[in-house]
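1. coordinates only, sequence not included:
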């Protein structure tokens, strides 16, 4: 009989804990397959890049094409001269075609528009200064009640002793009949037989006569002042041709306490 134990091994106990596996040594070859971070560049301060200056032959203003090669002081003088002349031209263009200021010199439009004492009938220390819209009548017809600036017909200088530019209110339109009738000692206006309501006239500023009748010609306008007894107007020298109308008064801009729009 041999010395080898031929007995079978004892059965495994299910409650026994399995033995831990021995630690596996790190394989250095795996390190070769790990992604590598790129090396960071060395730190350096930002460097400012200077914008290239335009060459002397580059022009940024139309005037530079003419004055670009002149001495700097002369260029400045020319630039200022052109700026001043341009500003004056713009102001003159505005006055000629857009808006123009006027001063009220007489009492013919009191109390709607004041003139300055001590002129007869004037109520204020300073004359009103107004702005007239010079282009409005290119787009619309003059209307009854408009306060307008106009050039007087030649008869105005002969019969009133003054002419030039006047400010009055449009009362009669082309081809209408304007009548002046006396009622209780005051003159009232009738248009084609109907009395005209005029809230802008104070009772004591109505004229006292005489009764008259006028036929307004085609393309003409019958104008009167709001201070009827002190106004030399269409009752004396006739209707105003439409071509003589300069513009409609739309604003009083001086003195400050009189600033208003119409």
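-> Sure thing, it's come through. Just so it is clear, the structure is predicted and the values come from calculations on it, not from any experiment.
2. hey, where'd the helices end up in this structure?
-> Residue ranges of the helices in the chain, as given by DSSP state H, are 64-67, 72-97, 154-160, 234-237.
3. can you tell me which of those helices is most buried?
-> Greatest average neighbour count among the helices of the chain goes to helix 234-237 (a mean of 19), per mean count of other CB atoms under 10 Å. C-betas here are computed from N, CA, C, even on glycine.
4. against which helices or strands is that one packed?
-> Secondary-structure packing of helix 234-237 (3 or more CB pairs under 8 Å, 6 or more residues apart in numbering; DSSP states H and E): helix 154-160, strand 165-172, strand 212-215, strand 220-224.
5. could you rerun that using 6 Å?
-> Counting contacts by 3 or more CB pairs under 6 Å, 6 or more residues apart in numbering; DSSP states H and E, helix 234-237 packs against helix 154-160.
6. what does the helix it packs on contact?
-> 163, 232, 236-237 (CB atoms under 6 Å, 6 or more residues apart in numbering).
7. of the residues you listed, which is the nearest to residue 255?
-> In terms of CB to CB, no member of the contacts of helix 154-160 lies closer to residue 255 than residue 232, at 25.9 Å.
8. dump the residue contacts of that closest one.
-> residue 160.
9. I'd like the distance between it and residue 207.
-> According to CB to CB, to the nearest Å, residue 232 and residue 207 sit 11 Å apart.
10. with residue 235 instead?
-> 8 Å.
11. again, but for residue 217
-> Counting by CB to CB, the gap from residue 217 to residue 207 is 23 Å.
12. ok, now residue 258?
-> Distance of residue 258 to residue 207, given as CB to CB: 26 Å.
13. just list what the longest strand belonging to the chain packs against, helices and strands only.
-> The longest strand of the chain (DSSP state E) is strand 245-254. Judged by 3+ CB pairs under 6 Å, 6+ apart, strand 245-254 is in contact with strand 129-133, strand 147-151.
14. can you rerun that using 7 Å?
-> The contact analysis (3 or more CB pairs under 7 Å, 6 or more residues apart in numbering; DSSP states H and E) places strand 245-254 against strand 129-133, strand 147-151, strand 260-261.
15. format these as TSV; extra columns: distance to residue 191 and mean neighbour count.
-> Compiled in TSV, the helices and strands packed on strand 245-254 are given as follows (distance: least, CB to CB, whole Å; neighbours: other CB atoms under 10 Å):
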stretch	distance to residue 191	mean neighbour count
strand 129-133	25	20
strand 147-151	17	20
strand 260-261	27	10
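16. can you list those in a markdown table and add mean pLDDT and distance to residue 248?
-> Below are those laid out as a markdown table (pLDDT from 0 to 100; distance: least, CB to CB, whole Å):
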| stretch | mean pLDDT | distance to residue 248 |
| --- | --- | --- |
| strand 129-133 | 97 | 5 |
| strand 147-151 | 97 | 6 |
| strand 260-261 | 94 | 12 |
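17. let me have those in JSON lines, extended by distance to residue 115.
-> As requested, the helices and strands packed on strand 245-254 are exported to JSON lines (distance: least, CB to CB, whole Å):
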{"stretch": "strand 129-133", "distance to residue 115": "11"}
{"stretch": "strand 147-151", "distance to residue 115": "14"}
{"stretch": "strand 260-261", "distance to residue 115": "16"}
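18. and those: which comes nearest residue 73?
-> Taking the helices and strands packed on strand 245-254 one by one with CB to CB, strand 129-133 is closest: 40.8 Å.
19. who are the packing partners of that closest one?
-> Counting contacts by 3+ CB pairs under 7 Å, 6+ apart, strand 129-133 packs against strand 99-103, strand 245-254.
20. who's in contact with the first one?
-> Contacts with strand 99-103, where a contact means CB atoms under 7 Å, 6 or more residues apart in numbering, come from 127, 129-134, 149, 165, 167, 247.
21. can you rerun that using 6 Å?
-> By CB under 6 Å, 6+ apart, strand 99-103 touches 127, 129-132, 134, 149.
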